[in-house]
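**Student:** 3D, please:
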Amino acid sequence: MPDPSRRLRIVKPITTQVEILAYAPTEFYHCQHCEIVWGQIGFGRKLHAEERKTALPDDLQAEYAAISGWVREAFDRFGERLTVRVTDAASLQGFFKAIRYRAHRFPAFIIDGRDRIIGFDRRRLDAALRSRLGDGEGGESLANTRA
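**Tutor:** As a prediction, this is how the structure comes out:
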């Protein structure tokens, strides 16, 4: 009879999802054929650069850049164990998510669909991710060590 303690156990890695509701820059594109034409005559790149530049006021653009930097650092630390979704707070989807998560100010960070962090606070966000995913250096998750 095989020893049940020697069975191979596949442990699913702990993952965390962060949903960000923030004012995000929006770019509009034409149909694919028009975009090719605009690109060939050199107009498309200038048009989209101008849209990008004027999409948000300077303070919101700086805040969005800081959030993007934090997301890149979080991906560097936690890799595939982290999923991030960004929703423009000014969109219809953003409106409904703000109601669902009772977010009255932006940016709002919803972690695993339960915990809310209103405002961009790098320390609180890092602490929330560390509490769920561990130290981010490939170490054991805190949730696994408590079991």
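
**Student:** tell me which element the residue nearest the centre of the chain is part of?
**Tutor:** The chain has Val84 as the residue nearest its centroid, 3.0 Å off, counting by C-alpha atoms, centre = their mean. Val84 belongs to strand 82-88 when assigned by DSSP states H and E.

**Student:** what packs against that strand?
**Tutor:** Counting contacts by 3 or more C-beta pairs under 8 Å, 6 or more residues apart in numbering; DSSP states H and E, strand 82-88 packs against strand 16-22, helix 58-78, helix 92-100. Every C-beta, even on glycine, is put in place using the N, C-alpha and C of the backbone.

**Student:** kindly state the beta-bridge partners for the residue nearest to the centre of the chain.
**Tutor:** Here Val84 shows beta-bridge partners Val18, assigned using DSSP bridges.

**Student:** again with Ile111
**Tutor:** Here Ile111, judged by DSSP bridges, has bridge partners Val18, Asp115.

**Student:** correct me if wrong: Arg102 contacts Arg116.
**Tutor:** Yes: under the criterion of C-beta atoms under 8 Å, Arg102 makes contact with Arg116 at 7.4 Å.
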